[in-house]
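> Pasting the sequence and the predicted coordinates here, then a few questions.
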Amino acid sequence: MKTRFINILNMKHRKNRATIFLFIAIFIGLLGSLAAFFLSNNDLKKEEKLYIGYISINNKTLALDEFEFITFEDKERMKELNLTDEYMPNGYYIYNESEELTYFKLNNKTEFTFFDLGNLFVKEVEDKKYTTSDKEEFRQFLYGNNDVARVTPFWVKVRGNTVLSVTEQFVP
């Protein structure tokens, strides 16, 4: 009888140890998951910024040549740069002080909005403003059959280092 009682005690201790180890493993797994979640969503804490410039894309990277888009409403800036109406026949002036590029990450949630005047994705009679999250569709619009991106201004909204949206600035 004594041996049987000792075996039962050993079995209970093994079950308790296994339960404790299982609890510790689950706890460590949860901590790891929480840490990964907060580290991967670090960009969510950062504020959104809006840039305008010429862009190119390569895989999951957007390169931006930022410039200043000046309109007639920007009287002070026009005065600072000695711009007159003659410099702005279409109502705007692009002041590109530097051709330095800034790089941002694209992801599957990045939204692209552009004017599909060539009817790549919209029908002839439809509104030409087109929005997609399909990077390849945007790439087709941006590059066409060329290796060089079209020279069109785009507004680029980012949070942290991730592009939220890319919107074409219509220029006549």
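On my side now, so go ahead. Residues are numbered from 1 along each chain as shown.
> quick one: low-confidence ranges for the chain?
For the chain, applying pLDDT under 70 flags the ranges 1-44.
> can you give me the helices in it?
Secondary structure of the chain, counting by DSSP state H: helices at 2-40, 75-80, 135-143.
> Can you name the residues bridging to Ile70?
Beta bridges link Ile70 to Tyr93, judged by DSSP bridges.
> show me what contacts it?
Arg77, Met78, Leu81, Leu83, Met88, Tyr92, Tyr93, Ile94, Tyr95 (CB atoms under 8 Å, 6 or more residues apart in numbering). The C-beta positions use only the backbone N, C-alpha and C, and glycine is treated the same way.
> Out of the residues you listed, which end up buried?
Met78, Leu83, Met88, Tyr92, Tyr93, Ile94 (16 or more other CB atoms under 10 Å).
> Can I get those residues in TSV including distance to Asn58?
What follows is the buried ones among the contacts of Ile70, written out as TSV (distance: CB to CB, whole Å):
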residue	distance to Asn58
Met78	35
Leu83	34
Met88	33
Tyr92	28
Tyr93	29
Ile94	23
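> In terms of distance to Lys129, which of these ranks first?
Tyr92 (18.8 Å; CB to CB).
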